[in-house]
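>>> One predicted model, sequence on top.
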Amino acid sequence: QDWNNVKKTYHQKVYKMYPGLSTSQQINFDETAVTKMINSMVGSLGDKYSRTLDKAAYSYMQKYDLVGIGAILMPNEEGQIMIGAPPVPGTSADEYAFKKGDVILEINGISTKGLTAFKIIDQINEEDPNSTKITMKIRRVGSQPQKPGDPIEQNYVMRRSSEVVTDPIYYQLNASTGPGKKAVGYIQIKEFNSLVKNSIEKAIVDLKKQGADAFVLDLRGNGGGAFQSAVSIASYFMDDSLAVSVVDSNLESMEFRTPKHDSLIPKDVPVVIWTDKGTASASEVLVGALHDNCRAVVMGEKTFGKGIIQAVYGLQDGSGLVLTVAKYITPSGTSIQGVGIKPDVSSLLPPNLPGLRSNTSTMRFDDTFVPPLCR
């Protein structure tokens, strides 16, 4: 539909440029020219993060598809969960020819009524995060029964695909030799993809069994990923707390809070977050959430400062469009965009290299684990 609108605009411009051309004459649709037109339109927004995606780049975005069927889920005007964009080519949603607007009524026999896309993702992962199939009851957009009594809703067994997604978590237990000696659970989060939530939960549980009584979250070089994963991870460190607010272009604000009773780590267990200039986007959401709620100290360098949200729109030819639609505000009311988050402790951290990055031996856990704004 989006490309059809562009095509219509393209034809209108051609007819305007050549008044003698009959509207009944067929115009060859020059994909290259239209692509240039789209890029020019997007470039006129003055936003370096809004961009077009070719087919390969749009397919690559599938690794942030937390459902794993190759389709974006979003609410329609009635609040129902629908397919929000044309599916990624080659995925299960594409094979079933799902279309934008198709309504998802049930997932694995459970109604989606009243659920957000985030809750649906949590539901799927709670049932079996490693499942390779899910069943969806779908009502096709504009569907009508062929004859009275025929169903307009149908169940589809969907293949979940996550084979291209790598585990973003590395962890190990270290000993601290600095003041306030602790058994330090070091966790590196490389990116926020579809595996991160369950992987970090397993890491935390295992480190606690090994005796960890302090934690270091290494977010250096983490450029972000799925926003909802950052909020979910924050819930492992704090219950019923404001994680982040999202403000759109109409200045409408939506708060995202951590649930009650999800915390895996007691409040008195110190947490330190390592950051650098490559810590961005969803990573900064997690940093802001834990820091502003007095749950973690930030050490290292100032973060990148990418505090905006992009919506990804799939186009009918398999390409995509990324547009900035909102910005993040931390719990203390700070906008991340273009500013970043300054560390509480500007410290020289271990080199971010294999075998060296996880060295927490000199970490202090006496008085540094309380953020200055919370003292």
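Everything's here; your move. Remember, predicted model here, so these are calculated numbers, not experimental data. Residues are numbered from 1 along each chain as shown.

>>> In contact with the spatially closest residue to Ile83 that is not a sequence neighbour, which residues are there?
Excluding the flanking residues, the one nearest Ile83 by Cβ to Cβ, 6 or more residues apart in numbering is Asp102, at 4.5 Å. Yep, even glycine has a C-beta here, placed from its N, CA and C like the rest. Contacts for Asp102 were tallied using Cβ atoms under 8 Å, 6 or more residues apart in numbering; they are 82-83, 138-141.

>>> which among those end up buried?
82-83, 138-140 (16 or more other Cβ atoms under 10 Å).

>>> want to try TSV for these, with secondary structure, pLDDT and distance to Asn198 as columns?
Output for the buried ones among the contacts of Asp102, formatted as TSV (DSSP: H, G, I helix; E, B strand; the rest coil; pLDDT from 0 to 100; distance: Cβ to Cβ, whole Å):
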residue	secondary structure	pLDDT	distance to Asn198
Met82	strand	90	26
Ile83	strand	88	24
Ile138	strand	93	26
Arg139	strand	91	30
Arg140	coil	88	32
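
>>> circling back: ok, the contacts of Asp102 vs Gly43, which is closest?
Among those, Ile83 lies closest to Gly43 (Cβ to Cβ), at 28.9 Å.

>>> ok, now how distant is the closest one from Val42?
24 Å (Cβ to Cβ, to the nearest Å).

>>> Leu356 too?
Distance, Leu356 to Val42, using Cβ to Cβ: 41 Å.

>>> Over to Ala243?
Taken as Cβ to Cβ, the span from Ala243 to Val42 is 30 Å.

>>> the more surrounded of these two?
Neighbours were tallied for Ala243 and for Val42 using other Cβ atoms under 10 Å; the higher tally belongs to Ala243 (25 against 15).

>>> Quick check on the more buried one: phi, psi?
phi -90, psi -40 (degrees, to the nearest 10).

>>> Could you list the buried residues of stretch 266-286?
Using 16+ other Cβ under 10 Å as the test for burial, stretch 266-286 gives 269-276, 279-286.

>>> One more: stretch 226-244?
In stretch 226-244, counting by 16+ other Cβ under 10 Å, buried: 226-238, 241-244.

>>> gap between the two ends of stretch 304-320?
25 Å (Cα to Cα, to the nearest Å).

>>> just how off-centre is that stretch within its chain?
Stretch 304-320 sits 11 Å away from the centroid of its parent chain (Cα atoms, centre = their mean, to the nearest Å).

>>> Give me the helices and strands touching the helix or strand harbouring Ile233, please.
Per DSSP states H and E: Ile233 is located in helix 227-234. On a contact count with 3 or more Cβ pairs under 8 Å, 6 or more residues apart in numbering; DSSP states H and E, helix 227-234 meets helix 117-127, helix 196-209, strand 242-248, helix 282-292.

>>> again, only using 10 Å
If contacts are counted by 3 or more Cβ pairs under 10 Å, 6 or more residues apart in numbering; DSSP states H and E, helix 227-234 sits against helix 117-127, strand 183-189, helix 196-209, strand 242-248, strand 253-257, helix 282-292, strand 320-329.
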